[in-house]
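Q: Return a 3D structure for these sequence lines:
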Amino acid sequence: MTLAERLGALESSAIPAWVFDADHFRFRWANTSALEIWGSTEKDELLARDFGDMSASTRTRMQGYLAGFREGRSAQEDWTLYPHGKPLLLRLYFSGIALDDGRTAALIQAFPRESIDADLVRSVEALRHTSVAVTLLEPAGAILLQNPASLRAFGPRASFADRFVDTEVASALLRKASGGEIYQAEVQVRTAEGERWHAVEARGLIDPATGAAALLVHETDETTRRSAVEIAEEMILLIEELNATVAVVERQKEEILALSAPILDVASDTLALPIIGTLDMKRSAEIVSRLLNVIAERRASTVILDLTGADVREVSGLEHLTKMVQAIRLLGARPIVAGIGPALARMLTAAEADFSGALLVQSLKDGIAASRRSR
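A: Below is the predicted model:
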């Protein structure tokens, strides 16, 4: 028998009835009373309507019904329908029925509700559409009700205790909320999207349907926020590690500079500074800074600059070399420049470098000897 033949007895019923295909979001059958409910004059027009724009929470509720139908269950709920955009509150009875192609659909029968408090209706709809997962429990942990957000996250058949990664969370929550306290924690949960972090709050209340004790649990997804915090913490650690690395590099650079331009005590109140390697602007500035501090600390009267191993390739290096000599003189010490080779001599001449006030000698040895003679 076809679907229409099986439902022939309901065709003339005063109770609006229709079959909804939740896989394709269309009506597959409707009786005459349903046409009036949905504001349609032609059955074909109603069956041609596309309900694919229904909200995520409505889809979740329908899928929950279908899962129950396959296990032989039925359901009843108050729904607000919107035929042609106008709200209509109805008590709907849901049961499963096989379509002609063998798939399961929902057979829905509607009864009008009268004298319903508007605030109550709005509260129910807000609960259905909120992104907060809400679960009503018996004190022992059996699920009495889940809103669509909870159904999407955990499914209609998952036990409450199994949703938590830490097996101790459920028992602690039930014990505390049943004892009149408010349970609050951020915990890991297993959802349809994998493990997530939820902020969970639970408290005791009275089940309005039975008058018995119940527990209200609501959960908000904090995974994105926690991930952002974790990333920020990782960045802070990385910055600290980089700063530590930079500090090590700077210290090593200072050590290398000290090795490549050591300041030596070669005699009483005489310092020698053998410069080895390239002498550019940056390195010259660093050497001058170190040298002047040491001159002041040790009260040196003579400073020998040994350029035997120096490689001066830039004019800026020459300029800093002459400034180094002038700075030594300003501190009251006598500069002696040793080890100027032919190439460096040509550069100094071309640049018209001013070494006035400095004694020029061939080697460090000659410089030490000259410093002794000048005492």
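Q: following the helix or strand harbouring E233, which helix or strand comes up?
A: Assigned by DSSP states H and E, E233 belongs to helix 223-260. Sequence-wise, the next helix or strand downstream of helix 223-260 (DSSP H and E) is strand 264-267.
Q: Which elements pack onto that next one?
A: For strand 264-267, the packing partners by 3 or more Cβ pairs under 8 Å, 6 or more residues apart in numbering; DSSP states H and E come out as strand 270-274, helix 364-373. From N, CA and C alone the C-beta is placed, and that goes for glycine too.
Q: Buried deepest among the ones you listed, which one?
A: Ranked by mean neighbour count under mean count of other Cβ atoms under 10 Å, these are led by strand 270-274, which reaches a mean of 22.
Q: quick one: that strand to helix 364-373, angle?
A: With axes from the mean of the first three to the mean of the last three Cα atoms, to 10 degrees applied, the angle from strand 270-274 to helix 364-373 works out at 160 degrees.
Q: phi, psi of S131?
A: The phi and psi values for S131, taken as degrees, to the nearest 10, are phi -80, psi -10.
Q: Tell me if I'm right that V19 and I108 touch.
A: Yes: at 7.4 Å, V19 counts as touching I108 under the criterion of Cβ atoms under 8 Å.
Q: Can you tell me which of the helices and strands packed on strand 264-267 has the worst average pLDDT?
A: Least confidently modelled of the helices and strands packed on strand 264-267 is helix 364-373, at a mean of 85 by mean pLDDT.
Q: what helices or strands is that helix leaning on?
A: Helix 364-373 sits against strand 264-267, strand 270-274, strand 302-306, strand 334-338, strand 359-361, with contacts defined as 3+ Cβ pairs under 8 Å, 6+ apart.
Q: most tightly surrounded among those?
A: When these are scored by mean count of other Cβ under 10 Å, the highest mean neighbour count falls to strand 302-306 (a mean of 27).
Q: I'd guess W29 is in a strand, am I close?
A: Yes: according to DSSP: H, G, I helix; E, B strand; the rest coil, W29 belongs to a strand.
Q: any idea how far L3 is from R128?
A: Separation of L3 from R128 (Cβ to Cβ, to the nearest Å): 29 Å.
Q: Actually, Q188.
A: Applying Cβ to Cβ, the value for Q188 to R128 is 26 Å.
Q: Neighbour count for these two, which is higher?
A: With neighbours defined as other Cβ atoms under 10 Å, Q188 and R128 compare such that R128 has more, 19 against 16.
Q: Secondary structure class of that one, three-state.
A: Per three-state DSSP, R128 ends up helix.
Q: pretty sure it contacts R59?
A: No: applying Cβ under 8 Å as the test, R128 and R59 come out as separate, 11.6 Å apart.
Q: Which neighbours do the two have in common?
A: Counting by Cβ atoms under 8 Å, 6 or more residues apart in numbering, R128 and R59 have no contacts in common.
Q: which residues does K43 contact?
A: Counting by Cβ under 8 Å, 6+ apart, K43 has contacts A30, L35.
Q: Kindly report the same for the one 3 residues further on.
A: Shown in contact with L46 (Cβ under 8 Å, 6+ apart): W18, F27, A30, A34, L35, W38, S40.
Q: which non-adjacent residue is nearest the first one?
A: Spatial nearest neighbour of W18, excluding adjacent residues (Cβ to Cβ, 6 or more residues apart in numbering): A30 at 3.9 Å.
Q: so what pLDDT did the one you found get?
A: Looking at A30, its pLDDT reads 94.
Q: what do you get for the one 3 residues further on?
A: Among the per-residue scores, S33 shows a pLDDT of 91.
Q: so what's it up against?
A: Neighbours of S33 in contact, by Cβ under 8 Å, 6+ apart: S13, A14, I15, P16, A17.
Q: Could I get the contacting residues of R313?
A: If you count contacts by Cβ under 8 Å, 6+ apart, R313 has them with T278, D280.
Q: From L279, how far off is it?
A: With Cβ to Cβ as the criterion, R313 and L279 are 8 Å apart.
Q: just to revisit the earlier point, list only buried entries from the contacts of S33.
A: The neighbour count (16 or more other Cβ atoms under 10 Å) marks P16, A17 as buried among those.
Q: Please report how far the residue lying farthest from the centre of the chain lies from A177.
A: Going by Cα atoms, centre = their mean, the residue of the chain most distant from its centre is R373, 72.5 Å out. Distance, R373 to A177, by Cβ to Cβ: 96 Å.
Q: Please apply the same query to Y65.
A: As judged by Cβ to Cβ, Y65 and A177 stand 29 Å apart.
Q: G85 too?
A: Applying Cβ to Cβ, the value for G85 to A177 is 41 Å.
Q: Between those two, which is the more surrounded one?
A: Taking other Cβ under 10 Å, G85 and A177 do not tie; A177 has more neighbours (23 against 6).
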